[in-house]
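K.L.:
This is a predicted model, with the sequence first.
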Amino acid sequence: MFKKALSTVALVSAAVFSGQAMADTAQSNFKVKITILKSCSVAAGSASDINLGSVLSTATDTSGSNTISVTCSKNTPYFIGLAPSNSNTTGAGVMAPEVVGSSPDTVPYQLHSVSATGPVWGNTATAAAIGNGVAGTGTGLAVSHTVYAVAPSANYTPTSYVDTVTVTVNY
């Protein structure tokens, strides 16, 4: 009987101690991390051509506009600069004959924001200073900005004239 009692005590003790061993835990931690990078883009094809139309050589100032669609990360400040092919930083460009040699003339134009008579839109916009560019803050969605081009009245040789403007987004 003593052996049986000792066996029972041993079994009960083993059950109690093994229950305590199973209740112990060990813990560790880890983090889930992500870094969201700021970014901006000009939607392909969003900066469509500005066509000032067909006008008589005696026409008064002619203007036209288009929109530039910019998408920047949420809360990212950005600055849009426009540079005509002559690299003029004040947005004053010059259209040359589309067919080389079809005219000795070039037709000047000026880029503006807000309206055809609004502020000059040039290419001195940087992340450090607004300059003569257009500023905005990203929403994560596309934001449209209207650009206006104005060509002065003058007597030019009849032909088609063209220039290329580069859109730069600094952020």
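P.N.:
Structure's in. What do you need? Numbering: from 1, shown residues only.
K.L.:
wait, doesn't G131 sit right on F79?
P.N.:
Yes - the pair formed by G131 and F79 meets the contact definition of C-beta atoms under 8 Å, at 7.4 Å. All C-beta atoms are positioned from the backbone trio N, CA, C, and that covers glycine.
K.L.:
Between those two, which has more neighbouring residues?
P.N.:
Neighbours were counted for G131 and for F79 using other C-beta atoms under 10 Å; F79 has more, 21 against 17.
K.L.:
what's around the residue nearest to S103 when sequence neighbours are not counted, how many residues?
P.N.:
Nearest residue to S103, sequence neighbours excluded (C-beta to C-beta, 6 or more residues apart in numbering): T157, at 3.8 Å. Close neighbours of T157, defined as other C-beta under 10 Å, add up to 12.
K.L.:
Okay, and T157 sits in which element?
P.N.:
Mapping T157 onto the secondary structure by DSSP states H and E places it in no helix or strand at all.
K.L.:
Look up how far G101 lies from it.
P.N.:
From T157 over to G101 the distance is 11 Å, taken as C-beta to C-beta, to the nearest Å.
K.L.:
hey, what's the residue positioned nearest the centre of the chain bridged with?
P.N.:
The structure's the chain has its C-alpha centroid closest to C40; by C-alpha atoms, centre = their mean the separation is 3.0 Å. In this entry, C40 is beta-bridged to C72, by DSSP bridges.
K.L.:
Also V94?
P.N.:
Under the criterion used (DSSP bridges), V94 bridges to P108.
K.L.:
any chance you could map the helices in this structure?
P.N.:
2-23 (DSSP state H).
K.L.:
pLDDT of stretch 39-55, averaged?
P.N.:
What stretch 39-55 shows for mean pLDDT is 83.
K.L.:
Can you measure across that stretch, start residue to end residue?
P.N.:
Start to finish, the residues bounding stretch 39-55 are 41 Å apart (C-alpha to C-alpha, to the nearest Å).
K.L.:
how distant is it from the center of its chain?
P.N.:
In terms of C-alpha atoms, centre = their mean, to the nearest Å, the centre of stretch 39-55 is set 14 Å apart from its chain centre.
K.L.:
mind listing what's buried in it?
P.N.:
Buried positions in stretch 39-55, judged by neighbour count with 16 or more other C-beta atoms under 10 Å: 40, 42, 46-47, 50, 52.
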